[in-house]
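Novice: what shape does this take:
(2 chains)
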Amino acid sequence: MQQFRNEFGLILAIIAVIVVTALVNPSYSQKPADNAMEIARQTSLLGIFALGAAIVIISGGIDLSAGSVIAFSGSICAQAFYLLAPEGSRGIPDTSHLSLGVFAAGIGAALLVGFLIGTLHTWLITIVGLPPFVATLASLVGLRSLAKVLNQTITSALGNQSTKLNVDDRAFIALGRTWWVPLVIFLVLGALAWLLMNRTVIGRHLYAMGGNEQAARLSGIRTDRLKWLAYCLGAMTASIAGVLYTAEVGIADPVTQGRGYELNAIAASVVGGCSLQGGVGLIPGVMLGVLFLRVVIDSVAKVVGSGSDDYEGLIVGFLVVLAVTFNELRSMRELVEKRFFPGMLGWITVPTLSMLIGTVTYVMGGRHIGLSAGIAALGLLGAIKIWEETRGK
Amino acid sequence: MTNDELAVSAFSFSFIVLRSSFIIMPHLSIRHITKRYPGVTALDDVSFDLLPGECHAVVGENGAGKSTLMKILSGVIVDYDGEIAIDGEVRRFRGTRDAEAAGIGIIHQELNLVEQLSAAANIFLGREKRGKFGFLHEREMEEAAGKLLSQLECHVGPRARVGTLRVGDQQLIEIAKALSLEAEVLIMDEPTSALTETEVARLYRVIGKLRERGVTIVYISHKLDEVFRLANRITVLRDGRFVKTLDRAAANAREITQLMVGREIASVDLGSARRAADEVLRVEELSLPWPGHARAWRLKNISFTLKRGEILGFAGLMGAGRTELLECLFGASADRPQGRILLEGQEVRFETPAAAKRAGMALVTEDRKRLGLFGRMNVGHNITMCSLTEATSAGLLSRPRERRMAEGSVAQLGVKTAGVRAAITSLSGGNQQKAIIGRWLLTRPKVLLLDDPTRGVDVGAKAELYHLIDRLCREGLGVIVTSSELPELLTLCDRILVLCEGRLTGEFSREEATEERIMHAATLRE
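Specialist: Take a look at the predicted model:
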């Protein structure tokens, strides 16, 4: 059971968040099916490429490019539709009734592009010798820009300068809007990823490489090939997500689509129990991590009553810090004995944290609540600081 | 005050003077020090004294607690039970700076220098001298560093970049740093492990000078000849416990070894009536370039052969090229070697360790933790890592089959473990090593390369490993062993080749080989 401590904790946390939200906000009890479907759809969309991100992290690397690969591959898919679709009225390609062949070609192009991006990352990392962080950071910045320019090349030939491509085909849009389509894809990919990581030689070698790359190489494991696989899985799962996000709105829009999503995927992996040092993490844990992240985001949106995306960054940032802190602390004893606010750093950190807590509660609950929460935090953290100071002497 | 009272106090005064001239107060007292880690007691109620100006050797097997104790003395470990008293005053260090301020310096086995900085900058690291406006006062530091270094017979300019210096000189820079801190106690952890003979002689002279200045030396070593040469008193630790402190004059090597191990060591007699068969490996004119280095070659023109059922040993100082040679044979060297390698008569050229493994080579690496173990995995997974494909059916791993493979290895090699699912890190060094040897035996190799296989393994387990290696050899495996300990090679090997600065400088059969001859060959410079 010790082995699955993290997974158990996540399940309990998910249940707790749902129960609390249901008590505070009537939405969950009034429309359970709608809410469940929406959470399932959102979780699956994020989960698809979080699986790829997790495999890269377990193998000892990092892939920062997912958000841009989502935008790029979505655009590539739409571009393929534009190039292959029959011409409609006013010389603009008619994407409202795509043939099966065109449909497949678009999705195939997106997947192929994912494979090529993963290959490029591997080449930069293993042959050129860039750190994974740098190689994938270059894609993060570069691919989004490239997608924009490519879309413009197509639209300018049609007479406007838009960076967006509209896709009107109903079947395509249904792909992203039907709640169970992403869910089925997510569950199938999850099962395949679990099989790969837990029941194959390749999976064992990926864990080995993530845990100790030098030892893996000296054990006769071909680490370069494993990296190729890992980064391709990272990019191709992002491609699948890219197609689905484009289908959801019927527009390929590289300016906004997938912006910052790479960090959500990394956060979900970390919350799910992966260590950024590599070699650690289970696929079911990652899937639960994604669910937990989405449930918390949805819960805060329900409780505060704003758009569900407004608080996303704040929640992701907070949960990542919390999850990694708990992974690092090996025991409750360490939590009690650790000095959190030593010296000058502590004197500055205490008011900073209090201000942060005050600000967050202010924007969520108004001036009075914010002020009192901030003061309470200052009192509490200050007391901890002073207690630590006296205990140290 | 009456006359009587005066007489009494005068009497007691003279008594105190007399007393203190006969009984030397300890400079540093270690009292009841205990340090526990989860599941392990590294130190258990250890107490002994250091007298001012003495050279005090601390000896013990691996895992005896020497390093832990020194880390406590030097302020690296701060949470422990018990106390340390300096000149009778109890001190509790909160970090290395506190220990330095109290006059305790340490020279770690793995030196703690910033390679990119100059000698002077390293000596004053963290305590830089500053001139006007708080800017660095380079000249003053360089002058002071130069003075310290020349006192230590270190002929290195204070501006020399530390990364370009020899290990022996780097060590003296650490000593200079400790001196600039006015250390009264200097701890040296296995200081000679990387030094040449002349450097060792120089280090002995430096230690002599330090003692003339009244510095107390704590000398940690497992080489008893060094200990007997340098130390006034010898403290033995075993399994984290204090065993005994002896005066050098009253001790002999045999007694100390017994105290270290806690039992008589049966001397291992191996190698008799081994019968070598046909040749399995031939190396011709192997050279490994060293781009950007003055020596240009890590290895130069190495030729030798290995037969089935033979154990071939490679001796040499640290940095002589032993590890590099094995890496070349295993396709793991950073640069491409030149020359020919023939395996069973076929010329081979390994681009990767994967290719070498397929051809039937196996390498048990020197640095087990960094290059061998998968610390996050269990014993079974560590053992099957190189032969997993044999445990698959239809592409999927069969857990029962994998388990049988691992359990077979554990039984065959006598790995002491709670089971194949126990964490590999829960095993002792010797059993970890057996597990890794087991990993490679599952690949059914033709040649087994063992790079310093008993490093970090305690004496009892060493003997077990020797018997294991002997058995594998008798079963027809060709084995190449390197070691930093000559007695080990003398025990194990049928032939010993000696490397010095990347060249082959000696070859001895089992009958010819002695420690003196090998050491002579190992220091034959061009």
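Novice: OK, now which residue of the stretch 251-400 of chain B is nearest to chain A?
Specialist: Of all residues in the stretch 251-400 of chain B, the one sitting closest to chain A is B:K357 (3.3 Å; Cβ to the nearest Cβ). Glycine gets a C-beta too; all of them are placed from N, C-alpha and C.
Novice: which ones are touching that residue?
Specialist: For B:K357, the residues meeting the contact criterion (Cβ atoms under 8 Å, 6 or more residues apart in numbering or on different chains) are A:S219, A:G220, B:C386, B:T443.
Novice: same thing with A:G374?
Specialist: Taking Cβ under 8 Å, 6+ apart as the contact definition, A:G374 lies against A:S354, A:M355, A:I357, A:G358, A:T359, A:T361, A:Y362.
Novice: so which of those is the closest to B:G208?
Specialist: Taking Cβ to Cβ as the measure, B:G208 sits nearest to A:S354 out of the contacts of A:G374, at 60.2 Å.
Novice: who's in contact with that closest one?
Specialist: By Cβ under 8 Å, 6+ apart, the contact list for A:S354 reads A:G374, A:I375, A:A377, A:L378, A:L381.
Novice: identify, from those residues, the entry nearest to chain B.
Specialist: Distance from chain B was checked for each of the contacts of A:S354 by Cβ to the nearest Cβ. The minimum falls on A:L381, at 23.3 Å.
Novice: residues contacting that closest one?
Specialist: For A:L381, the set of contacting residues under the criterion of Cβ under 8 Å, 6+ apart consists of A:F341, A:V350, A:L353, A:S354.
Novice: still on that earlier bit, with secondary structure and pLDDT as extra columns, can I get the contacts of A:S354 in CSV?
Specialist: As requested, the contacts of A:S354 are arranged in CSV below (DSSP: H, G, I helix; E, B strand; the rest coil; pLDDT from 0 to 100):
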residue, secondary structure, pLDDT
A:G374, helix, 94
A:I375, helix, 95
A:A377, helix, 94
A:L378, helix, 95
A:L381, helix, 93
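Novice: output those residues in JSON lines, with distance to A:T155 appended to each entry.
Specialist: Output for the contacts of A:S354, formatted as JSON lines (distance: Cβ to Cβ, whole Å):
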{"residue": "A:G374", "distance to A:T155": "49"}
{"residue": "A:I375", "distance to A:T155": "55"}
{"residue": "A:A377", "distance to A:T155": "51"}
{"residue": "A:L378", "distance to A:T155": "54"}
{"residue": "A:L381", "distance to A:T155": "54"}
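Novice: tell me which residues in the helix or strand hosting A:S239 are buried?
Specialist: In this assignment (DSSP states H and E), A:S239 forms part of helix A:223-249. Judged by neighbour count (16 or more other Cβ atoms under 10 Å in any protein chain shown), helix A:223-249 contains these buried residues: A:223, A:226-249.
Novice: remind me what that helix packs against, helices and strands.
Specialist: helix A:32-58, helix A:66-84, helix A:100-122, helix A:170-177, helix A:180-199, helix A:201-211, helix A:213-218 (3 or more Cβ pairs under 8 Å, 6 or more residues apart in numbering or on different chains; DSSP states H and E).
Novice: buried deepest among these, which one?
Specialist: The densest packing among the helices and strands packed on helix A:223-249, expressed as mean neighbour count by mean count of other Cβ atoms under 10 Å in any protein chain shown, is seen in helix A:66-84 with a mean of 27.
Novice: what's the distance between that one and the middle of its chain?
Specialist: Helix A:66-84 has its average C-alpha position 19 Å from the chain's average C-alpha position, going by Cα atoms, centre = their mean, to the nearest Å.
Novice: which of the contacts of A:L381 are buried?
Specialist: A:F341, A:V350, A:L353, A:S354.
Novice: how's chain A carved up into domains?
Specialist: According to automatic domain parsing, chain A comprises the domains A:2-334, A:341-392.
Novice: check chain B too.
Specialist: As given by automatic domain parsing, the domain ranges for chain B are B:24-261, B:279-522.
Novice: same list (the ones you listed) but as a markdown table, adding mean pLDDT and distance to A:L64.
Specialist: A markdown table is the format used below for the domains of chain B (pLDDT from 0 to 100; distance: least, Cβ to Cβ, whole Å):
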| stretch | mean pLDDT | distance to A:L64 |
| --- | --- | --- |
| domain B:24-261 | 86 | 29 |
| domain B:279-522 | 90 | 24 |
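Novice: deepest of those, which one?
Specialist: Here the criterion is mean neighbour count by mean count of other Cβ under 10 Å, and of the domains of chain B the winner is domain B:279-522, at a mean of 19.
Novice: now the end-to-end length of it.
Specialist: Terminal residues of domain B:279-522 are spaced 26 Å apart (Cα to Cα, to the nearest Å).
Novice: chain center to that domain: distance?
Specialist: With Cα atoms, centre = their mean as the basis, domain B:279-522 stands 18 Å off its chain's centre.
Novice: I'd assumed B:Q116 was in a strand, is it?
Specialist: No: assignment of B:Q116 by DSSP: H, G, I helix; E, B strand; the rest coil gives coil, placing it outside any strand.
Novice: could you check how far the residue nearest to it when sequence neighbours are not counted is from chain A?
Specialist: Closest residue to B:Q116 apart from its sequence neighbours, by Cβ to Cβ, 6 or more residues apart in numbering or on different chains: B:G163 at 6.4 Å. When distances are taken as Cβ to the nearest Cβ, to the nearest Å, B:G163 and chain A turn out to be 21 Å apart.
Novice: right, and B:G163 touches B:L111 too?
Specialist: No: with contact defined as Cβ atoms under 8 Å, B:G163 does not reach B:L111; the gap is 11.2 Å.
Novice: can you pull the contacts of the nearest residue to A:V320 once chain neighbours are set aside?
Specialist: Closest residue to A:V320 apart from its sequence neighbours, by Cβ to Cβ, 6+ apart: A:A267 at 4.6 Å. With contact taken as Cβ under 8 Å, 6+ apart, A:A267 is in contact with A:L293, A:V316, A:L319, A:V320, A:A323.
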